[in-house]
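> structure of the sequence below:
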Amino acid sequence: MKKEYRVKKDKEFQAVFTRGASVANRQFVVYALKKEQQTHFRIGLSVSKKIGNAVVRNQVKRYIREACQLHEASLAPNYDFVIIARNPAAKMTAQEVADSLRHVFKRSGVWKRQVK
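Predicted coordinates for the structure are as follows:
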């Protein structure tokens with residue numbers, strides 16, 4: 001993902017945690033904070049050592065990034081998201097991660113309807 005699409009600083013993460021709304025399912029917790037001045041969404045990832053070793057954690061992060069790029073047109077543009085992976089995410093395929101994230105985004109209300 002491009003740098004402008006990432007939440008990187010601790011201060012930005014803390015702002016999303018404290019002022020943002022959270023929605024969760026069994027695999028992911030998503031914090032969303034609306035930012036009116038942004039033209040695109042930004043993603044911050046958190047994958048704990050409880051998930052697995054470095055190889056597994058990096059694979060989960062790659063799957064999450066891929067799912068966000070796949071659903072880029074469907075996500076609301078003016079949000080900061082922090083996605084926290086839970087333990088079941090370690091055993092999921094890329095398609096299952098994408099489906100699970102879509103479910104959480106729909107529950108949080110940031111999913112735009114598909115235009116055909």
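> where along this protein do the strands fall?
21-24, 28-34, 42-47, 79-85 (DSSP state E).
> can I get the CA coordinates of the shortest one in PDB?
The C-alpha atoms that make up strand 21-24 are tabulated as PDB, following Å, rounded to 0.1, in the frame of the first residue of the first chain:
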ATOM      1  CA  ALA A  21     -16.000   3.400  16.800                       C
ATOM      2  CA  SER A  22     -15.200  -0.300  17.000                       C
ATOM      3  CA  VAL A  23     -16.900  -3.300  15.400                       C
ATOM      4  CA  ALA A  24     -15.700  -6.800  15.600                       C
END
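> buried residues in it?
Buried residues in strand 21-24, counted by 16 or more other CB atoms under 10 Å: Val23. To be clear about C-beta, it is placed using only N, CA and C from the backbone, and glycine gets the same treatment.
> that one pairs with which strands?
strand 28-34 (antiparallel) (DSSP bridges).
> how about residues contacting the strand it pairs with?
15-17, 19-24, 78-86, 89, 100-101, 104-105, 108, 110 (CB atoms under 8 Å, 6 or more residues apart in numbering).
> what is the burial count for Asn58?
For Asn58, the number of neighbouring residues by other CB atoms under 10 Å comes to 12.
> so where is this structure shaky, pLDDT-wise?
1, 113-116 (pLDDT under 70).
> and the residue positioned nearest the centre of the chain, how far from Phe17?
The centroid of the chain falls nearest to Ile83 when counting by CA atoms, centre = their mean (3.8 Å). Ile83 is 12 Å from Phe17, where distance means CB to CB, to the nearest Å.
> weed out the non-buried ones from the contacts of strand 28-34.
15-16, 20, 23, 79-86, 89, 100-101, 104-105, 108, 110.
> what's the longest helix in this structure?
helix 54-70 (DSSP state H).
> pull up the distance across stretch 43-54, start to finish.
With CA to CA, to the nearest Å as the measure, stretch 43-54 spans 20 Å from end to end.
> now it: buried residues?
Ile43, Gly44, Leu45, Val47, Ile51, Gly52.
> show residues contacting it.
1, 5-8, 12-13, 16, 57, 60-61, 64-65, 68, 80-87, 89-90.
> I appreciate the help and will end here.
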